[in-house]
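>>> Sequence plus predicted model, see below.
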Amino acid sequence: MKRYFVYILTSQCNGTLYVGSTSNLIQRVWQHKNGTFSGFTSKYQVHHLVYYEEHQNIAEMVRRERRLKNWCRKWKLNLIEQFNPTWQDLYDKICV
């Protein structure tokens, strides 16, 4: 069964935030970390995975990503704090 993810990256604790979605979280975060494409995350060094959630279908993932992108910064920060209070980079944990 295919898996779908919505994720949030940051440049540092309480830093610049980026919301994205993918069907391969490990590969996508690796791409952000290694700057394999130019854009917002490369320009602002946004490559620490601090939040992610899994969805069962692509429509659900897209709806959630759009919703999160429209949230105010404070709501996103609260979501991260609830999920990952220490703002630890979760990339190594998902690679296991």
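Received, thanks.

>>> drop to CA atoms for contacts and neighbour counts, all remaining ones
Fine.

>>> From the contact counts, what lies against the host helix or strand of residue 29?
Using DSSP states H and E, residue 29 sits in helix 25-34. Here helix 25-34 touches helix 91-94, going by 3 or more C-alpha pairs under 8 Å, 6 or more residues apart in numbering; DSSP states H and E.

>>> Could you name the helices and strands sitting against the helix it packs on?
Counting by 3+ C-alpha pairs under 8 Å, 6+ apart, helix 91-94 packs on helix 25-34.

>>> Name the surrounding residues that touch the helix it packs on.
5, 22, 37, 41-42, 46-49, 91, 94-95 (C-alpha atoms under 8 Å, 6 or more residues apart in numbering).

>>> do that again at 6 Å, thanks
Identification of contacts with helix 25-34 by C-alpha atoms under 6 Å, 6 or more residues apart in numbering yields residue 47.

>>> and it, which residues are buried?
25, 28-29, 32-33 (16 or more other C-alpha atoms under 10 Å).
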